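K.L.:
coordinates for the following, if possible.
(one chain, ligands or ions: 1)
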Amino acid sequence: MAAGIRLYVDGPLGDGGAVAATADQAHYLGRVMRLGIGDPVLLFNGRDGEWRADIQQIDKRAAQLAVLEKTRDQDEAPGPWLAFAPVKKTGTDFIVQKATELGASRLLPVTTANTQTGRANTERLRAQAVEAAEQCERLSVPEVSDMTALEALLADWPRDRPLFALDETGGGAPLAATAKASGEAVGFLVGPEGGFQARELDRFAKLPFVIPVTLGPRILRAETACLAALSVWQAVVGDWT
Ligand code: SAH
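P.N.:
Now for the predicted structure:
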């Protein structure tokens, strides 16, 4: 059981290295998982692959881990970006967790005209992403951006990265075929519970890097649309292929 515990760490990982666990990690290892000196854990930092380490010292607030050997190389494919209008708190947490499992490489909360939630707690969302990455055996944690307004997101969006706007009005092209023709560096934009306003859809139509796409005739909850879009992408372009 202990070998299955994976922790994300900030610092470098390499032969003969040592890592100081955070207080939360020490609590998790010692109190929650009941591990002690000599027990193994796996560490990753998004850069150096995955490493086996063992616990050298542990108390309530701190733990020292000795880095022993590399278990996996850092060879993860960079996944798509996901821009989404936050829904209520549990829904947003759900999107962050599941998008992490589905391989998104960057998460960008965005406010649109009909967005109900005015703010997103970036630190909380980062913590959700870290936890999901630890559990799903990813080698990286998606970057979580601070919440931005839709107009700023569009202004800053890299022009060479197609942005698939999930259009619930049926105006877009089918996602699978469109994704297949668009390479790997892409992003998705999913609207809020209230959907996109007509003027937002008009704006998308004027921007050459925005590609409206549809997920069929049923109106999906925003959470479902995020997961469906990432799943389709992984199946036709990503690492499910
Ligand atoms: N209240 C809106 C629905 C919004 S659904 C209405 O009743 O029309 C929330 C978001 O999920 C949408 O803005 C869109 O980005 C995405 N979405 C939901 N269903 C979709 C579909 N069939 N195709 C593409 N996007 C969809």
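K.L.:
what does the domain assignment say about this structure?
P.N.:
Annotated domains of the chain cover 6-72, 81-236 [automatic domain parsing].
K.L.:
quick one, which of the ones you listed is nearest to the ligand?
P.N.:
When the domains of the chain are compared by C-beta to the nearest ligand atom, domain 81-236 sits nearest the ligand, at 2.3 Å. (Glycine included, C-beta is placed from N, CA and C.)
K.L.:
roughly how far is the closest one from the heart of the chain?
P.N.:
Using C-alpha atoms, centre = their mean, to the nearest Å, the distance from the centre of domain 81-236 to the centre of the chain it belongs to is 10 Å.
K.L.:
quick check: end-to-end length of that domain?
P.N.:
With C-alpha to C-alpha, to the nearest Å applied, domain 81-236 spans 16 Å between its terminal residues.
K.L.:
got it, and stretch 130-145?
P.N.:
Stretch 130-145 end-to-end distance (C-alpha to C-alpha) = 14 Å.
K.L.:
name the residues that touch it?
P.N.:
Contact partners of stretch 130-145, identified using C-beta atoms under 8 Å, 6 or more residues apart in numbering, comprise 6-8, 44, 46, 49-50, 72, 74-76, 79, 96-101, 103-109, 122, 125-126, 129.
K.L.:
7 Å instead, please
P.N.:
With contacts defined as C-beta atoms under 7 Å, 6 or more residues apart in numbering, stretch 130-145 is touched by 6-8, 44, 46, 49-50, 72, 74, 76, 97, 99-101, 104-108, 122, 125-126, 129.
K.L.:
now do stretch 88-102
P.N.:
Contact with stretch 88-102 is made by 82, 84, 86, 107, 117, 120, 125, 128-129, 132-133, 136, 138, 142, 223, 226-227, 230-231, 234, as judged by C-beta under 7 Å, 6+ apart.
K.L.:
let's see it at 8 Å
P.N.:
79, 82, 84, 86-87, 107, 109, 116-117, 120, 124-125, 128-129, 131-133, 135-136, 138, 141-142, 144, 221-223, 226-227, 230-231, 234.
K.L.:
gap between Ala53 and Asn45?
P.N.:
Distance from Ala53 to Asn45, counting by C-beta to C-beta, to the nearest Å: 12 Å.
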